[in-house]
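Trainee: Any chance you could fold what I've pasted below:
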Amino acid sequence: MSNLFRNPDDLVDVVRQILSGETIKEEVELDESKYDLYHRDFSSAMQHAYKMAKKNYGITIDPKEIDDKVATGPRKPSEGKTNKYRLKGDKGAVQVQVYNKGGSKPFELNMYKEEVEFEEYLEEGVNDPAIFKAVFLAGGPGSGKSFIVGKTGLVNIGMKLVNSDDEFERRLKNAGLDKSNPDDIFSPQGQALRGKAKKTTANKQDMYIKGRLGLVIDGTGKDSAKMIRQQKDLEKMGYDTAMIFVDTDLETALVRNKERDRKLPDDEVKKMHRDVQANKGKFKSAFGKNFTIVDNTDQGSKAANLKLAERETLVAYKKMVKFAKSAPTKQTAKNWIENEKSRRGIKEAAELDEFKMKIPGEKETMGIVRDKMPQVAASDYPEFFEYLKQNGAKLVKKKISAEDLKPIQKEFAKVGVEKEIGRLGGKPKPLISSSDRYIIDGHHRWLAVLNTTPKAKMDVIEVNMPMKKLLALTVAFPKTTFKDNNNKTVPRPKL
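Mentor: From the prediction side, this is the model:
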């Protein structure tokens, strides 16, 4: 599973710490939306910290800790200074920092819950399907890397994604700054918030690398030397590496940059685009067969753009699945896995072979063949729902995990499932199911999620009638169509 690195130096520092045997301790920052950031006096800031530790994490701070470290500890911080405390409680420890920034509410509170259960990360590391795999992303502003991450299914093939940009934007909003205004972004306050956002994600990144989990290293690619240095450092640890290079022409990059919330000046976009393009050959040489280019250039229409994206990302998805699911190749990685298994008494190795698609057997379905399966176009959903209501149905929107749904169709096209996996990360139409949780529409979308994140909640419109009745009504709906395995329309079956 993967972790996303925004600052190349963070990755290099962490890898070198691990290679040198240094200890890394994880701290997870509490979400600022769950506690008040600014306070009029030092005492109220600390009282709020004790209260939020209990409310958000169930940790009651030991009164003796408060007496020894706060009440009789250093004086409240003067302007420009910070007091730091590690306070133990009944269910863990909390790191508390109070910074005096001056002004009407001068005391800025930051809190972290200290994580001590490192074994969880090691356990996940040994059993992680993308263990010792690192996927680098390269592409300038406006290339659409975030879009491609979703389309290529990096998250859905077992990768965690931690994005410091999201954290940075949240902090800008909380501070009343405009994320679309470069003056706010590059102001001293904005850059201070960026530093805090990086710290929040870096705390998690440290532990993921310690557990050798799969990584996604995001960057523009403008500095090839730095990115290739990261690659080599990870390979020393035993990682196999790959790169997705998201390619666009300059015109597309400029247009998309203007559509972004956080815009860059045109001159900066042009310079970065030029630098990234100049490094394409270097990256291809460094990553070899694991180098993949995804063409995300604007084709002139939304339909053409989607068609290109689906074609390009499906190719990249297949390569990344094969890469992520294959066993680590380096002896360093194999030795680490064996040592961890031996240390914790794990007898069986986790399955690390190539991705194998799970398709339900006939006995797991209602046995309906493809050309008897009713299909309702998304554009006909409103009329279809009204038709069901007129026939006594009640429709309820629900979130249901993929593993709790059942198919009625017995024939599936693996190509169709792969296509749907490539679309994950977008906003698909909801599934339609019966009250006994059989799917009437959306089988391939369901299989895409079942094969990647089976516990994930899917948007489902549940009809309050058993499948046999719902099936008969759907078949009789005038706009229902039927297709064979070659996707050709066939006559409506007899009721």
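Trainee: contacts and neighbour counts: CA atoms only from here.
Mentor: Will do.
Trainee: Buried ones in stretch 448-464, by neighbour count?
Mentor: Within stretch 448-464, the residues scored as buried using 16 or more other Cα atoms under 10 Å are 448-454, 458-464.
Trainee: And the helices in the stretch 151-300 of the chain, which stretches?
Mentor: 164-174, 182-185, 188-210, 224-237, 250-259, 266-278, 280-287 (DSSP state H, counting those that start in this stretch).
Trainee: Among the ones you listed, show the one with the smallest mean pLDDT.
Mentor: Least confident of those, judged by mean pLDDT, is helix 164-174 with a mean of 62.
Trainee: Okay, strands next: where are they in the stretch 351-495 of the chain?
Mentor: Secondary structure of the stretch 351-495 of the chain (DSSP state E, counting those that start in this stretch): strands located at 395-401, 406-407, 431-433, 438-441, 457-463.
Trainee: tell me which element the closest residue to residue 35 other than its chain neighbours is part of?
Mentor: Computed as Cα to Cα, 6 or more residues apart in numbering, the closest residue to residue 35 that is not its neighbour in sequence is residue 52, at 6.4 Å. Using DSSP states H and E, the element containing residue 52 is helix 42-57.
Trainee: again with residue 110
Mentor: Using DSSP H and E, residue 110 sits within strand 107-115.
Trainee: how far off helix 42-57 does that strand point, in degrees?
Mentor: 30 degrees (axes from the mean of the first three to the mean of the last three Cα atoms, to 10 degrees).
Trainee: Does anything pack onto strand 107-115? Which helices or strands?
Mentor: Applying 3 or more Cα pairs under 8 Å, 6 or more residues apart in numbering; DSSP states H and E, we find strand 107-115 packed against strand 26-29, strand 38-39, helix 42-57, strand 92-100.
Trainee: Turn those into TSV, including mean pLDDT and mean neighbour count.
Mentor: Shown next, in TSV, are the helices and strands packed on strand 107-115 (pLDDT from 0 to 100; neighbours: other Cα atoms under 10 Å):
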stretch	mean pLDDT	mean neighbour count
strand 26-29	41	20
strand 38-39	89	20
helix 42-57	90	17
strand 92-100	86	21
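Trainee: how about JSON lines for the ones you listed, with distance to residue 385 added?
Mentor: As requested, the helices and strands packed on strand 107-115 are exported to JSON lines (distance: least, Cα to Cα, whole Å):
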{"stretch": "strand 26-29", "distance to residue 385": "45"}
{"stretch": "strand 38-39", "distance to residue 385": "50"}
{"stretch": "helix 42-57", "distance to residue 385": "42"}
{"stretch": "strand 92-100", "distance to residue 385": "51"}
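Trainee: Of all these, which one comes closest to residue 75?
Mentor: helix 42-57 (9.7 Å; Cα to Cα).
Trainee: Give me the average confidence score over the next helix or strand along the chain from that closest one.
Mentor: Proceeding N to C from helix 42-57, the next assigned helix or strand is helix 63-65, under DSSP H and E. Averaged across helix 63-65, the pLDDT comes to 86.
Trainee: Would you mind listing the outside residues contacting helix 63-65?
Mentor: Helix 63-65 has contacts (Cα atoms under 8 Å, 6 or more residues apart in numbering) with 87, 88.
Trainee: ok now it, how far from the chain's centre?
Mentor: Taking Cα atoms, centre = their mean, to the nearest Å, the mean C-alpha location of helix 63-65 is offset from the chain mean by 39 Å.
Trainee: Follow the chain on from it and name the next helix or strand.
Mentor: By DSSP H and E, the next helix or strand past helix 63-65 is strand 82-89.
Trainee: centre of the chain versus that next one, how much separation?
Mentor: 31 Å.
Trainee: List of residues touching it?
Mentor: 59-62, 65-66, 69-70, 74, 76-77, 93-100.
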